[in-house]
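**Student:** Predicted model, plus sequence, below.
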Amino acid sequence: MIPTAFLVAACFWLCLAGVCYAYVGYPLIICCLARWFGRRSQAEPLSDEELPVLSLLIAAYNEEAVIDERVRNALALDYPADKLEIVVACDGCSDATAAIVERYAHRGVRLLDYPQRRGKATVLNDTFRVLNGDIVMLSDANTNTDASAARKLVRWFRDPMVGVVCGRLVLTDPKTGHNVDSLYWKYETFLKRYEGRLGALLGTNGAIYAIRREQFQPIPANTILDDLVIPLRARLQSNCAIIYDAQAIAYEETPADVRDEFRRRSRIGAGGFQSIGLLGKLLNPRRGWIAFTFLSHKVLRWLCPFLLVGMLLSSMLLSQDSFYAGLLLAQGAFYTLALMLSWVPGQPRAIKPLRLTTMFTSMNAALLMGFWLWASGGQKAAWRRTARLSVMVEAVQPLTAPAERASKSYAHSSVA
């Protein structure tokens, strides 16, 4: 019979190996695989005559603080007016969002004012049926897009195998103008770049992506991560290519409150566990590289909180051994440091690298909370607004001073 201590030790090392692989091993492997087997794709610009009819769809819920700015930003896109349809779909808004959008009706902005709040998934399902564009570009109410973003997204659809194109989201801190998770976001962008080169990109940024209207598959009404599920269901249905274009840029602020960021990540976690059931067929090895990336980048990442708990419990059970007692102490120090740094105001340069402990810990705690919300049915599909400061972005010009910004809201993006 195998000794219990051996089984507990094996549990510890397997959990540690899983965490290390998810966050360090997989990025190294995907980089090598993309260099060996991937290809760099390029798309030539389209002339005005070649551009397809484009529908820009913005789903909104109580966005009166930002919707005027968002519509003006959409109208400033470098795209022929006769080929651009701007649609704002209101999900039972109880504020002045719809009234503000109506002010732009004379400029061709189309309002779909759904009277009852039903959740973003249902709004998207109903709205896609009445859009006129061959290509649909989806964005959020709290996002500003670069003027050239639409042209850069649609140029890829010249290739009939391309079904979805994801743009690059630039996140900014509402106070400093910089992203508090800048290293993490660069890490995620790194993965997107190489997964895209391998032809195995997973989902999109909800703030900026485009899809062929004919490729859209209605999603369940309770879908939480629509920007993950919509592209991957299209991939499952038609085996279409999902492209990442780093030159098509959108700008969005992170929440001003740490609790809001935790709530956002918990929602993403709940949506992640939900999506395993919706997209489980992607794990079939016959799907090729995308089965590998979905398992490694998504599923294993979502399971990391349980691996961390497994490490902690197994090292506690083995703490009579001085080696495992040291490992237990190291884990305790790591989490204590993460908690302490979360209370340090500002971003002192000297401790900035150490804040990775806080980011890592809070992200996995949010995923654990997300699992509970999903398992208990506590996470609803309808989004809730998150208080934000507004950001003014004109093309690729610098951000305005924080003091000049007003209140802004949030719509989720599946990056966890």
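**Tutor:** Received the coordinates, thanks.
**Student:** alpha carbons only for contacts and neighbour counts from here, please
**Tutor:** OK.
**Student:** Spell out the secondary structure type for residue 244.
**Tutor:** Taken by DSSP: H, G, I helix; E, B strand; the rest coil, the conformation at residue 244 corresponds to strand.
**Student:** elements contacting the helix or strand hosting residue 314?
**Tutor:** Under the criterion of DSSP states H and E, residue 314 resides in helix 300-317. Other helices and strands packing on helix 300-317, by 3 or more Cα pairs under 8 Å, 6 or more residues apart in numbering; DSSP states H and E, are helix 4-20, helix 258-278, helix 322-341, helix 355-376.
**Student:** how does it look with 6 Å?
**Tutor:** Applying 3 or more Cα pairs under 6 Å, 6 or more residues apart in numbering; DSSP states H and E, one finds that helix 300-317 makes contact with helix 4-20.
**Student:** Could I get the average pLDDT for stretch 299-317?
**Tutor:** Stretch 299-317 carries an average pLDDT of 97.
**Student:** swap in stretch 342-352?
**Tutor:** Rounded mean pLDDT across stretch 342-352 is 70.
**Student:** Residue 64 versus residue 100, what's the distance?
**Tutor:** Distance of residue 100 to residue 64, computed by Cα to Cα, to the nearest Å: 7 Å.
**Student:** The two: which is more packed in?
**Tutor:** Neighbour tally, residue 100 and residue 64, criterion other Cα atoms under 10 Å: the higher count belongs to residue 64, 22 against 18.
**Student:** From residue 89, how far out is the nearest residue to the more buried one once chain neighbours are set aside?
**Tutor:** Nearest residue to residue 64, sequence neighbours excluded (Cα to Cα, 6 or more residues apart in numbering): residue 97, at 4.4 Å. Separation of residue 97 from residue 89 (Cα to Cα): 10 Å.
**Student:** And for residue 209?
**Tutor:** For residue 209, the distance to residue 89 - Cα to Cα - is 17 Å.
**Student:** neighbour count winner among those two?
**Tutor:** Just comparing residue 209 and residue 89: by other Cα under 10 Å the higher neighbour count belongs to residue 209, 31 against 24.
**Student:** The closest residue to that one other than its chain neighbours - how many residues pack around it?
**Tutor:** Spatial nearest neighbour of residue 209, excluding adjacent residues (Cα to Cα, 6+ apart): residue 166 at 4.3 Å. Neighbour count for residue 166, taken as other Cα under 10 Å: 30.
**Student:** Find me the pLDDT at residue 166, would you?
**Tutor:** 96.
**Student:** Regarding it, what is its secondary structure?
**Tutor:** Assignment for residue 166 (three-state DSSP): strand.
**Student:** Give the closest residue to residue 364 in space, chain neighbours not counted.
**Tutor:** Once flanking residues are discounted, residue 364 sits nearest to residue 305: 5.2 Å by Cα to Cα, 6+ apart.
**Student:** Show me what the host helix or strand of residue 98 is packed against.
**Tutor:** Using DSSP H and E, residue 98 maps to helix 97-102. Of the remaining helices and strands, none touches helix 97-102 by 3+ Cα pairs under 6 Å, 6+ apart.
**Student:** Could you identify the helix or strand that succeeds it?
**Tutor:** strand 109-114.
**Student:** could you point out which element follows that next one?
**Tutor:** helix 120-128.
**Student:** SS state for residue 45?
**Tutor:** Of the three states, residue 45 takes coil under three-state DSSP.
**Student:** Need the phi and psi values for it.
**Tutor:** With angles defined as degrees, to the nearest 10, residue 45 sits at phi -60, psi 150.
**Student:** any idea how far it lies from residue 339?
**Tutor:** Applying Cα to Cα, the value for residue 45 to residue 339 is 49 Å.
**Student:** ok, residue 290 - contacts?
**Tutor:** Residues in contact with residue 290 (Cα atoms under 6 Å, 6 or more residues apart in numbering) are residue 200.
**Student:** now do 10 Å
**Tutor:** By Cα atoms under 10 Å, 6 or more residues apart in numbering, the residues touching residue 290 are 195-196, 198-202, 232, 235, 282-284, 296.
**Student:** How much space separates it from residue 284?
**Tutor:** Residue 290 sits 9 Å away from residue 284, taking Cα to Cα as the criterion.
**Student:** And for residue 236?
**Tutor:** Distance, residue 236 to residue 284, using Cα to Cα: 11 Å.
**Student:** try residue 75
**Tutor:** In this view, residue 75 and residue 284 are 43 Å apart by Cα to Cα.
**Student:** one step back: can you pull the contacts of the residue nearest to residue 364?
**Tutor:** Listed by Cα under 10 Å, 6+ apart, the contact partners of residue 305 are 15, 19, 311, 361, 363, 364, 365, 366, 367, 368, 369, 371.
**Student:** Let's see if you can find the most crowded of these.
**Tutor:** Highest neighbour count within the contacts of residue 305: residue 367, with 29 neighbours (other Cα under 10 Å).
**Student:** Against residue 238, how distant is that one?
**Tutor:** Distance of residue 367 to residue 238, given as Cα to Cα: 31 Å.
**Student:** What's the end-to-end length of stretch 44-62?
**Tutor:** By Cα to Cα, the extent of stretch 44-62 from end to end equals 39 Å.
**Student:** just how off-centre is it within its chain?
**Tutor:** Taking Cα atoms, centre = their mean, to the nearest Å, one finds stretch 44-62 lying 21 Å from the centre of the chain it belongs to.
**Student:** Buried residues in that stretch, which are they?
**Tutor:** Buried residues in stretch 44-62, counting neighbours by 16 or more other Cα atoms under 10 Å, are found at 51, 52, 53, 54, 55, 56, 57, 58, 59, 60, 61, 62.
**Student:** Check which helix or strand residue 211 maps to.
**Tutor:** Using DSSP H and E, the element containing residue 211 is strand 209-212.
**Student:** quick one: average pLDDT of that strand?
**Tutor:** For strand 209-212, mean pLDDT rounds to 98.
**Student:** Isn't the residue nearest to residue 209 up against residue 153?
**Tutor:** Yes. Counting by Cα atoms under 10 Å, residue 166 sits close enough to residue 153 to count as a contact (7.5 Å).
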